[in-house]
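Student: Sequence plus predicted model, see below.
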Amino acid sequence: MKKIYLMIFSVMMLVIVGTGCSSDETEMKPQAGGKVELTVSAAVSLQDALNDIKKSFEKENANVEVHYNFGASGALQQQISQGAPVDLFFSAAGDKFDKLIEDDLIEEKNGIDLVGNDLVLVVPKDSKKEIGSLEDLTKADEISIGTPESVPAGQYAKQTLENMNLFKEMEDRLVYAKDVRQVLTYVETGNVDAGLVYKTDALNSSKVEVIAAAQGDLHDPIIYPVGMINNLDHAKEAKLFYDYLQTEASMKIFEKYGFKNLK
């Protein structure tokens with residue numbers, strides 16, 4: 001009988017010890033656990049600047065890892081409206097950002113117009129077309145712009161052509177692209193004679209020549225608002241990155257890539 005009691009006692013001790021170890025491991029997980037991951041949906045024209053900012057931010061905040069979802073602002077806004085798990089939205093157009101405010105997905109107080117940009121006309125470096133101004137676009141056989149409905153740069157390009165009374169004349173020659181980077185690629189490869197892109201994208205390409213900038217009165221102001229999505233799981237870390245984007249160090253990075261400081 002003593003042997004039976006001893007065996008029962010031993011089994012109970014093993015269970016208690018095992019439970020204790022499991023409890024200790026559970027308590028240790030938050031301390032040794034993984035990083036907090038943030039998802040930032042951002043206009044593709046911000047890619048180079050934001051990648052630099054990510055590196056410096058993560059050096060200073062080792063517990064946070066930033067993941068970007070780059071694309072056309074209109075497509076990103078629709079994804080967020082449909083429930084995509086996103087912490088911050090960095091748009092290249094105010095109307096796409098305002099739609100999320102109207103839908104109560106972003107509070108106005110949690111957003112800011114951070115940087116600005118210019119729209120420029122570019123041609124391939126080895127272009128044989130005599131295109132020396134926006135008015136000379138009539139000499140081009142094919143011109144690329146972003147799809148106006150989803151790509152802010154395409155929207156600004158269409159406004160520019162309409163205000164110059166060129167859109168109807170050139171509509172059949174337009175080659176639409178999914179985002180501004182694709183427009184730039186079409187021009188770089190010589191698949192089109194010219195394109196309308198952001199100044200920041202053109203400055204980072206050695207394969208295109210900037211011919212002219214569209215005057216501000218030809219299109220809506222090019223403003224990039226950024227804001228935090230409501231009801232976040234990681235609101236503290238999202239606010240940390242949101243604030244970091246507005247620091248002097250981050251603004252210098254934006255300016256390095258040609259963006260205008262709107263703070």
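Tutor: Happy to help now that I have it. Numbers count the residues shown, from 1 in each chain.
Student: Hmm, Gln246 is touching Asn261, no?
Tutor: No. Judged on Cβ atoms under 8 Å, Gln246 makes no contact with Asn261 at a distance of 10.2 Å. For every residue, glycine as well, the C-beta is placed using N, CA and C.
Student: thinking Val44 is in contact with Asp179, fair?
Tutor: Yes. Using Cβ under 8 Å, Val44 is in contact with Asp179, at 4.7 Å.
Student: Identify the contacts common to those two.
Tutor: 71-72 (Cβ atoms under 8 Å, 6 or more residues apart in numbering).
Student: can you map out the helices along the stretch 151-263 of the chain?
Tutor: Secondary structure of the stretch 151-263 of the chain (DSSP state H, counting those that start in this stretch): helices at 152-163, 167-170, 180-188, 199-203, 235-244, 248-256.
Student: Count the residues that sit near Glu162.
Tutor: Counted with other Cβ atoms under 10 Å, residues neighbouring Glu162 total 13.
Student: swap that for Glu37, sorry
Tutor: Quick note: Glu37 (other Cβ under 10 Å) scores 13 neighbours.
Student: what do you get for Lys35?
Tutor: Neighbours around Lys35, by other Cβ under 10 Å: 13.
Student: quick one, what contacts it?
Tutor: Counting by Cβ under 8 Å, 6+ apart, Lys35 makes contact with 62-65.
Student: and the nearest residue to Gly71 once chain neighbours are set aside, what does it touch?
Tutor: Distance criterion Cβ to Cβ, 6 or more residues apart in numbering; nearest residue to Gly71, sequence neighbours excluded, is Val44 at 5.9 Å. For Val44, the contacting residues are 70-72, 179-181, by Cβ under 8 Å, 6+ apart.
Student: Try it again at 6 Å.
Tutor: 70-71, 179, 181 (Cβ atoms under 6 Å, 6 or more residues apart in numbering).
Student: likewise Ser144?
Tutor: Applying Cβ under 6 Å, 6+ apart, we find Ser144 in contact with 175, 177, 183, 186, 192, 195.
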